[in-house]
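*Asks:* below is the sequence, then the predicted model.
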Amino acid sequence: MSSSVEYILLGDIGATNARFALLSNGSLSAISSFEVAKFGQFTDVLANFVKERCRQTKNNQALLAIAGPVTDERVLLTNSTWIIDPRELQMRFGLQVRIVNDFEAVALSLPSLTSTDLAEIGGGRPELGAPMAVLGPGSGLGVACLVHRSEKRVVIASEGGHATLAPNCDQEDRIVAHLRERFGHASAERAISGGGLENIYQAIAALEGLKIPPQSATEITKNAISGECQLARRSLYTFCAFLGSFAGNVALTFGARGGVYIAGGISPRILNFLIRSEFRKRFEAKGRFQSYLEAIPSYVITHPAAALIGLKSLVEAEFDGRT
C-alpha cells in the first residue's frame, strides 16, 4: 500500500452484512453497512458505496476482510454465493485490492480495543505479550490468533470453525448424532453460528418428537430471551454451552493467556443471557487444566466494526514498517 493515496477503501465482507469505510490520515470515516441478501453480487454493493461515498475522493486502493478462506486472488465467501475477484474490481472500479481473512482483521483489532469495546465474562487478567485468540459465531464460525513477535504482530488465521464438534453430556451426544446424520460431518459451526442455533432448535425438537415450524436464529433468540418459548430458551442455553466448550478448546490450542475474545453479531445481542449461561463454566471445564483456563479472561467484543479497526491497524503497521 502506498502512503501517497489520500483515501483507502476498507471493507468487512461477511455473509450477512458488508461494511465499508474510508481511511484517510489515520482516521476512519463513518461506516456504511449493507445487507448482503439485498445484492446479487459483490460488485453491486461496492458500486452502491462508491456512488454514495467516493465521488469526491481520490481513492484507488482497497483492503477487504472476507469471511472465507483466502487461498488465491479469487475468493468465494463460505456462507454466501458472492465471489470477490480483485482483477474484476481493478477493471471496473480502478481499485488495487488486497484481501485478508475477516478474522485475521478482527485479531489485529484486539490491541486497539478498549474497555468500552469489550464485556468481560470471567477469568483473571490478560498476560501481557501472550497470544490472544478470537472466535466468533455469525453466519459461520471464525477463529484466529494474534501473536506478538518483537515489534511485529503475527496473525494465525484458521478454519477452526470446521473442526469436529465435541459433545460434553448425554443430551449433546444425541444432538451431535442428529447433526451427523443430517450433515455427514458435525462441525463446530453446525451448532455455534446463526444457522447452528437453528440446527440445535430443530435437533432438540426432533429428539423429543415435537412438531414445530422452522424458526430463524433471530426468532429463536427473541423467544428465548423473552421466555416465551422454553424450547427456544433451552436451545440458546445449549448454544452457549457449546460456545463455552469450544472457546476453552481454542484457548488451550493457542495458549491464549492474553485472553479469548468472542466476536460476531450474535454474542453482543445475547450478552446478558450468555453471562448467566454455562458459557464460562464450560470454558473452564477441562479436567486437569481447569486452573489453567480459570486464569484466562474471556470477553465479548461489543464494538460494531472491529474488523475495520483491524484493517486500519494493518495499514498503519505497513506504513511504519511493523509488518
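*Replies:* Received it, and whenever you're ready, just let me know what you need.

*Asks:* go through stretch 237-256 and flag the buried ones.
*Replies:* For stretch 237-256, a neighbour-count test (16 or more other CB atoms under 10 Å) marks 237-251, 254, 256 as buried. C-beta: built from backbone N, CA, C; applies to glycine.

*Asks:* just these: which are in strands?
*Replies:* Judged by DSSP state E, strands contain none of these.

*Asks:* and those, which of them are in helices?
*Replies:* Taking DSSP state H as the definition of helices, these contribute 237-251, 254.

*Asks:* low pLDDT regions in the stretch 151-300 of the chain?
*Replies:* Along the stretch 151-300 of the chain, segments meeting pLDDT under 70 are nowhere present.

*Asks:* centre-most residue in the chain?
*Replies:* Per CA atoms, centre = their mean, the C-alpha nearest to the average position across the chain is that of residue 136, at 3.5 Å.

*Asks:* just the buried residues of the helix or strand that contains residue 109, please?
*Replies:* Taking DSSP states H and E as the criterion, residue 109 maps to helix 102-109. Using 16+ other CB under 10 Å as the burial criterion, the residues of helix 102-109 that qualify are 102, 103, 104, 105, 106, 107, 108, 109.

*Asks:* for residue 289, state which of the residues you listed is nearest.
*Replies:* residue 107 (23.1 Å; CB to CB).

*Asks:* who are the neighbours in contact with that closest one?
*Replies:* Taking CB atoms under 8 Å, 6 or more residues apart in numbering, we find residue 107 in contact with 132, 134, 144, 145, 146, 155, 157, 310.

*Asks:* quick one: residue 70 from residue 34, how far?
*Replies:* 21 Å (CB to CB, to the nearest Å).

*Asks:* now the helices for the stretch 101-250 of the chain?
*Replies:* Using DSSP state H, counting those that start in this stretch, the helices of the stretch 101-250 of the chain run over 102-109, 170-183, 194-207, 217-226, 230-254.

*Asks:* quick one: strands adjacent to the next helix or strand after the last one?
*Replies:* Proceeding N to C from helix 230-254, the next assigned helix or strand is strand 260-262, under DSSP H and E. Take DSSP bridges as the rule and strand 260-262 pairs in its sheet with strand 132-137 (parallel), strand 298-301 (parallel).

*Asks:* report the angle between the first one and helix 194-207.
*Replies:* Regarding strand 132-137 and helix 194-207, their directions subtend 60 degrees when assessed with axes from the mean of the first three to the mean of the last three CA atoms, to 10 degrees.

*Asks:* just the angle for strand 132-137 relative to helix 230-254, thanks.
*Replies:* Using the same axes, to 10 degrees, strand 132-137 lies at 150 degrees relative to helix 230-254.

*Asks:* figure out how far strand 132-137 is from the centre of its chain.
*Replies:* 7 Å (CA atoms, centre = their mean, to the nearest Å).

*Asks:* show me which residues of it are buried.
*Replies:* Applying 16+ other CB under 10 Å to strand 132-137 flags 132, 133, 134, 135, 136, 137 as buried.

*Asks:* in TSV: those residues, plus distance to residue 183 and pLDDT.
*Replies:* What follows is the buried residues of strand 132-137, written out as TSV (distance: CB to CB, whole Å; pLDDT from 0 to 100):
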residue	distance to residue 183	pLDDT
132	31	98
133	26	98
134	25	98
135	20	97
136	21	93
137	17	95
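
*Asks:* nearest to residue 51 among those residues?
*Replies:* Taking these together and measuring to residue 51 by CB to CB, the closest member is residue 136, at 30.4 Å.

*Asks:* now that closest one: how far from residue 257?
*Replies:* According to CB to CB, residue 136 and residue 257 sit 20 Å apart.

*Asks:* alright, calling it a day.
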